[in-house]
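Chemist: Got a sequence here, can you model it:
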Amino acid sequence: MNHTPRTRTVVSCTLLVTALGAGVTACASDGNPLSAKPYDAAGLISFNGPTDAGKRADPDKPLEVTAQSGGRITDVTAQDSTGRYVAGELAADGSRWHSTSPLAANAHYTVAVSTEDEDGAPGRKVLSFDTSMPTSKKRLGVTFGPDKGTYGVGQPITAQLDQPIKDKAQRAVVERALRVDSVPAVQGSWYWVSDKELHYRPREYWPAHATVQVHSNLDGVKISDRLWGGKSKALTITIGDRIEAITDAATHQLTYYKNGRQVEQIPVTTGKPGFETRNGVKVVLEKQYFVRMRGSTVGIAEGSSDSYDLPVYYATRVTWSGEYVHAAPWSVGSQGYANVSHGCTGMSTSNAEWFFDNVHQGDIVKVVNSNGDPMEPFGNGFGDWNLDWKKWRTGSALTNGTADGSASGDVARLRPTAV
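Modeler: As a prediction, this is how the structure comes out:
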């Protein structure tokens, strides 16, 4: 049976560059049949939106092709002038095709639509259009941390992104625009902790009394066809004295250093077997005069020999999962001699008050000679310093390292409040 173009039953397709808002510029066909078979659906293709010459489609709007009047779509191919294809989904019954990947801005597209009428006759229509720049650019926001103030030498700088960045080339654009300057100057680098979070630290601890300024040069910078840099608030922090508290779990002593000089040594108790305190470098996160600590929050059954529910004072927090340096008057007899806590570093009330008054957010609290697991680099506070410089540099998108941004293997073991 010889099929010729028909206006009665042939498939009618509608390309919704939905509200292309700005429509499509033109069709590839001039209205004449492209071939006798498959037939050309000229005159049966319409666009929702202006078709005036010079008008461009909004790239933020999806493509959609819809079959009408008893026909079905059999295939749709869309690609730009550089050969990049637009991914899409075709309904099982051939009634609709829509794009599932974004269009590029300021690009020329060709869309080939294959159809089949109710008699099985194949049809084809080729369309072309241009896209404009996005009518409303997506902007990447960056929020720097911590808040303005004075911090210890271990305080990392954080950058929180309001949208995920996964592509390494795009990460490089972002990272290159995030500037950290210090007086005195130090060598430092960003690490992609996740798709939306970066940490910056120097190779060594910050110099005492340094001034650190952080700002973004991303405003107006193109990150991808879909994303541009937005404005961000700059940050300035100052660094205080170099405070380091080193806890030796084997000798049961905490030694407090200020600017390299030993100031105090305090008898302590750390985690007992099964609840060992994490080894490694931690950073003071916050200080709380009073914390109620319960064994049930760390999985200890109420009424068991290890169960507890205690008021705790002068609590200096070093992990989000609940490790503190705090007053433990109930274990004074063991302090300096044995490890009997559930993971925290305990000391007498007077010593805990002194420690509380002499440490600050960002100061270093390091545990050595414990049988506990190592401190997680990320996810449970600031364990950033437990990565050596070579490993830290692999987390930058500007190096040849292979950081995946997810800190694999560095998932925190959450133990909310251990005493």
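Chemist: Please state the backbone phi and psi of Asp147?
Modeler: With angles defined as degrees, to the nearest 10, Asp147 sits at phi -70, psi 160.
Chemist: Setting aside sequence neighbours, what's the nearest residue to the spatially most central residue of the chain?
Modeler: Closest to where the C-alpha atoms of the chain average out (CA atoms, centre = their mean) is Lys196, at 1.8 Å. Counting by CB to CB, 6 or more residues apart in numbering, Lys196 lies nearest to Leu161, which is 4.5 Å off, once chain neighbours are set aside. In this view, the C-beta of every residue, glycine as well, is placed from N, C-alpha and C.
Chemist: got it, and Ser348?
Modeler: That would be Val332: by CB to CB, 6+ apart, it lies 5.4 Å from Ser348.
Chemist: Quick one, grab the pLDDT at the closest residue to Val221 other than its chain neighbours.
Modeler: Of all residues not flanking Val221 in the chain, Gly229 sits nearest, at 4.1 Å (CB to CB, 6+ apart). Per-residue confidence at Gly229 stands at 91 (pLDDT).
Chemist: List the contacts of Pro156.
Modeler: 199-201, 283, 382, 384 (CB atoms under 8 Å, 6 or more residues apart in numbering).
Chemist: follow-up on the earlier one: OK, contacts around the residue nearest to the centre of the chain?
Modeler: 160-165 are the contacts of Lys196 under CB under 8 Å, 6+ apart.
Chemist: The same query, at a cut-off of 10 Å, please.
Modeler: 159-166, 405 (CB atoms under 10 Å, 6 or more residues apart in numbering).
Chemist: same question, Leu218
Modeler: Counted by CB under 10 Å, 6+ apart, Leu218 has contacts 139-142, 161, 173-174, 176-178, 228-232.
Chemist: Now list the buried members of those.
Modeler: Buried members of the contacts of Leu218, counted by 16 or more other CB atoms under 10 Å: 139-140, 142, 161, 173-174, 177-178, 228-230, 232.
Chemist: Out of the residues you listed, list just those in helices.
Modeler: 173-174, 177 (DSSP state H).
Chemist: And the residue nearest to Arg139 when sequence neighbours are not counted, how far from Gln160?
Modeler: Once flanking residues are discounted, Arg139 sits nearest to Gly230: 3.3 Å by CB to CB, 6+ apart. In this view, Gly230 and Gln160 are 13 Å apart by CB to CB, to the nearest Å.
Chemist: Looking at the contacts of Lys196, which is nearest His209?
Modeler: Ala159 (23.9 Å; CB to CB).
Chemist: Looks like that closest one contacts Arg171 (just checking).
Modeler: No. Using CB atoms under 10 Å, Ala159 and Arg171 do not qualify as a contacting pair, with a distance of 11.6 Å.
Chemist: Need the overlap of contacts for those two.
Modeler: 190, 192, 198.
Chemist: which residues pair with the first one across the strands?
Modeler: Beta-bridge partners recorded for Trp190 (DSSP bridges): Tyr200.
Chemist: For the host helix or strand of Ile237, which strands pair with it and how are they oriented?
Modeler: Using DSSP states H and E, Ile237 falls within strand 235-239. Counting by DSSP bridges, the strands paired with strand 235-239 are strand 149-151 (parallel), strand 211-216 (antiparallel).
Chemist: would you list the ones you listed in JSON lines and tack on distance to Met347 and mean neighbour count?
Modeler: JSON lines is the format used below for the strands paired with strand 235-239 (distance: least, CB to CB, whole Å; neighbours: other CB atoms under 10 Å):
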{"stretch": "strand 149-151", "distance to Met347": "24", "mean neighbour count": "16"}
{"stretch": "strand 211-216", "distance to Met347": "32", "mean neighbour count": "18"}
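Chemist: out of those, nearest to Ile73?
Modeler: Of all the strands paired with strand 235-239, strand 211-216 comes closest under CB to CB, at 45.6 Å.
Chemist: quick one: pLDDT of Ala19?
Modeler: Model confidence at Ala19 (pLDDT) stands at 34.
Chemist: Now do the helices in the protein.
Modeler: Assigned by DSSP H, the chain shows helices spanning 168-177, 349-358, 389-393.
Chemist: Could you list the buried residues of the last one?
Modeler: Of the residues in helix 389-393, those scored as buried under the neighbour-count criterion (16+ other CB under 10 Å) are 392-393.
Chemist: How about the second one?
Modeler: For helix 349-358, a neighbour-count test (16+ other CB under 10 Å) marks 351-352, 354-356, 358 as buried.
Chemist: Roughly how far does Lys233 sit from Tyr314?
Modeler: Counting by CB to CB - Lys233 and Tyr314 are separated by 34 Å.
Chemist: actually Asp80, not the one I wrote
Modeler: 64 Å.
Chemist: These two: who's more crowded?
Modeler: Tyr314 (24 against 16; other CB atoms under 10 Å).
Chemist: who touches the more buried one in this structure?
Modeler: By CB under 10 Å, 6+ apart, the neighbours of Tyr314 are 287-291, 324-328, 347, 349-357.
Chemist: Just the terminal-to-terminal distance for stretch 336-349.
Modeler: 14 Å (CA to CA, to the nearest Å).
Chemist: gap between it and the chain center?
Modeler: 37 Å (CA atoms, centre = their mean, to the nearest Å).
Chemist: Over to stretch 206-224?
Modeler: 18 Å.
Chemist: Go through the strands paired with strand 235-239 and name the closest to Gly88.
Modeler: Once the strands paired with strand 235-239 are compared by CB to CB, strand 211-216 is nearest, at 35.6 Å.
Chemist: Can you check what angle separates that closest one from helix 168-177?
Modeler: Strand 211-216 runs at 140 degrees relative to helix 168-177, counting by axes from the mean of the first three to the mean of the last three CA atoms, to 10 degrees.
Chemist: Just the CA trace of strand 211-216, in CSV.
Modeler: Provided in CSV are the C-alpha atoms of strand 211-216 (Å, rounded to 0.1, in the frame of the first residue of the first chain):
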residue,chain,number,x,y,z
THR,A,211,44.6,37.2,61.1
VAL,A,212,42.7,35.1,58.6
GLN,A,213,40.5,36.7,55.9
VAL,A,214,38.2,34.6,53.7
HIS,A,215,36.2,35.7,50.7
SER,A,216,34.7,34.4,47.4
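Chemist: Show me the contact partners of that strand.
Modeler: Defining contact as CB under 10 Å, 6+ apart, one finds that strand 211-216 is touched by 140-145, 151, 155, 157-159, 174, 177-184, 186, 188, 200, 202, 206, 229-239.
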